[in-house]
Structure formats: structure tokens, C-alpha cells
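K.L.:
The sequence isn't on hand, but the structure is:
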């Protein structure tokens with residue numbers, strides 16, 4: 001299996017492993033080892049546009065249907081992954097309740113959060129990486 005994108009993160013107070021990848025064009029997968037909200041559509045979701053995995057306060061993530069909302073905004077508003085993820089995390093998920101890691105079908109990766117910090121890292125094909133804890 002070839003990975004065009006990979007994202008892994010651990011959020012403060014909530015430890016979780018998440019990975020996303022493109023196995024081939026327009027075939028996106030999302031894996032969860034644990035998860036405070038392992039409900040398809042809320043804590044995780046994948047379709048032909050993106051794969052999303054959220055972490056944080058489970059009830060808030062379920063109420064906001066975080067995973068599906070990112071994909072729906074991309075599909076119905078023709079928004080980019082970054083625009084859709086930002087709208088969900090900033091406008092629909094209550095402040096201090098979580099974050100997400102998402103990858104698009106084109107290999108773009110975003111990791112927005114509205115908590116104090118979120119341990120996160122991303123390595124893309126070719127070795128480009130991003131590592132962060134705070135804003």
C-alpha cells in the first residue's frame with residue numbers, strides 16, 4: 001500500500017492514534033486505533049473527497065457530526081479541505097472541545113483545533129513534515 005499522506009496526532013488529555021492515507025487517487029482511508037468518538041460521521045468519516053478523524057470531547061463531536069460536516073461542506077459549498085475543516089472546528093464545534101486531522105483526495109492535510117494545544121504531526125510523500133503542539 002502506497003501512502004501519499006499520513007497524519008498522526010495525540011491531543012492533550014486524550015490520547016489517540018489516527019492515520020489517513022491515499023492508497024490510490026480517489027481512494028481515501030481512515031484508521032482509528034482507539035477513539036473517544038469512534039462513530040462514523042461524527043468522530044471519523046471518509047468519502048471520495050476527504051478522510052477526517054476528530055478527537056476531543058465526544059459528546060460535542062457527536063452533536064457537531066464533525067467528520068461528515070467537513071466532507072459535506074467540501075461537497076456542497078465546493079470549499080477546500082482547509083476552508084471546510086476551519087468552518088467546522090471554529091464555527092460548529094464549541095471552543096475548547098477538540099480538533100481534527102483530515103486529508104483530501106489530492107493529498108492536502110489539515111490539523112485544526114480549538115483547544116489549548118493538540119499534539120500532531122504529518123509526514124507526506126517526499127519527506128515533508130509538520131510537527132506541532134501549540135498554535
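P.N.:
Sure, I can see it. Source: prediction; values computed, not measured. Numbering: from 1, shown residues only.
K.L.:
quick one: low-confidence ranges for this structure?
P.N.:
Scanning the chain for pLDDT under 70 picks out 1-38.
K.L.:
Helix, strand, or coil at the most centrally placed residue in it?
P.N.:
By Cα atoms, centre = their mean, the chain has its centre lying nearest to residue 101, at 2.4 Å. Assigned by DSSP: H, G, I helix; E, B strand; the rest coil, the conformation of residue 101 is strand.
K.L.:
wait, isn't it in contact with residue 112?
P.N.:
No: using Cβ atoms under 8 Å, residue 101 makes no contact with residue 112, being 9.0 Å away. For glycine as for every other residue, the C-beta is placed from the backbone atoms N, C-alpha and C.
K.L.:
top helix in the protein by residue count?
P.N.:
helix 66-77 (DSSP state H).
K.L.:
how about that helix: buried residues?
P.N.:
66-74 (16 or more other Cβ atoms under 10 Å).
K.L.:
who does that helix touch, helix- and strand-wise?
P.N.:
On a contact count with 3 or more Cβ pairs under 8 Å, 6 or more residues apart in numbering; DSSP states H and E, helix 66-77 meets strand 44-46, strand 50-56, helix 81-86, strand 98-104.
K.L.:
Centre of the chain to it, how far?
P.N.:
The chain centre lies 12 Å from the centre of helix 66-77; the measure is Cα atoms, centre = their mean, to the nearest Å.
K.L.:
Ok, stretch 76-90 next?
P.N.:
Mean C-alpha position of stretch 76-90 versus that of the full chain (Cα atoms, centre = their mean) differs by 11 Å.
K.L.:
Then stretch 117-135?
P.N.:
Counting by Cα atoms, centre = their mean, stretch 117-135 is centred 13 Å from the centre of its parent chain.
K.L.:
on that earlier part again, quick one, which of the helices and strands packed on helix 66-77 is packed in tightest?
P.N.:
By mean neighbour count, with neighbours taken as mean count of other Cβ atoms under 10 Å, strand 50-56 ranks first of the helices and strands packed on helix 66-77 at a mean of 30.
K.L.:
Partner strands of it, with direction?
P.N.:
Here strand 50-56 has these sheet partners by DSSP bridges: strand 44-46 (antiparallel), strand 98-104 (antiparallel).
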